[in-house]
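Undergrad: Dropping the sequence and predicted coords here.
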Amino acid sequence: MASPREPIFIIEGHDVGIFASVEAAQNQLEPTDVSDAVYKGYDAEGRRLKITTDGQNTVIAIADSEPLAALELERELRRFLIDAGDLRVKEQSRLTELVEIAKAFDGSRPRVGKRTGTADPDPAGIRSAQLFLGGRGWHP
């Protein structure tokens, strides 16, 4: 079976982890959470990833041979990046563009507050994204 195309996207609720490699993602994911099935994983083409654990180690492999979840990943990335205030993301942004934007995302971009029009350095969701992403969007 083919290898996942990087970057690797791990989704937990409304947070998106962006990893440069399968190994980086495997090292970051907690086996307990993997056992509890809290993560959804995708490669850059939108193929679902199977995330398993033996209790100590996390293993990530391709679950789909075709990018059957490309539209699902596209929606998740668009929502996450728009919520994080990335002004480059548009409703018509496609998966390949969103993947490139996500690779450059660092989780610290301030945005203009929706109601006040003032700079909001910690809009809802960015702090939790930084915690999940370790303060950086791109895990080498």
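TA: Perfect, I can see it now.
Undergrad: what's across from the residue most central in space within the chain in the sheet?
TA: A centroid search over the chain (CA atoms, centre = their mean) returns Val16, at 2.9 Å, as the residue closest to the centre. With beta bridges defined as DSSP bridges, Val16 has these partners: Ile11.
Undergrad: Test my guess that it contacts Ile82.
TA: No. Proximity of Val16 to Ile82 does not meet the contact threshold set by CB atoms under 8 Å, at 11.8 Å. In short, each C-beta sits where N, CA and C put it, glycine included.
Undergrad: Show me the protein divided up by domain.
TA: Recorded structural domains for the chain (assignment: automatic domain parsing) are 8-62, 78-133.
Undergrad: Could I get the ones you listed in CSV, plus columns for mean pLDDT and distance to Ala69?
TA: Compiled in CSV, those are given as follows (pLDDT from 0 to 100; distance: least, CB to CB, whole Å):
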stretch, mean pLDDT, distance to Ala69
domain 8-62, 95, 5
domain 78-133, 66, 10
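Undergrad: Of those, flag the one that's most buried.
TA: Mean neighbour count, computed with mean count of other CB atoms under 10 Å, is highest for domain 8-62 among those, reaching a mean of 18.
Undergrad: Val99 should be in a helix, yeah?
TA: Yes. Going by DSSP: H, G, I helix; E, B strand; the rest coil, the assignment for Val99 places it inside a helix.
Undergrad: is it true that Glu45 touches Ala70?
TA: Yes. Taking CB under 8 Å as the definition, Glu45 is a contact partner of Ala70 at 6.7 Å.
Undergrad: Identify the contacts common to these two.
TA: Common neighbours of Glu45 and Ala70, using CB atoms under 8 Å, 6 or more residues apart in numbering, are Leu95.
Undergrad: Please produce a markdown table containing the domains of the chain, extended by distance to Ala2.
TA: Written out in a markdown table, the entries for the domains of the chain read as follows (distance: least, CB to CB, whole Å):
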| stretch | distance to Ala2 |
| --- | --- |
| domain 8-62 | 6 |
| domain 78-133 | 17 |
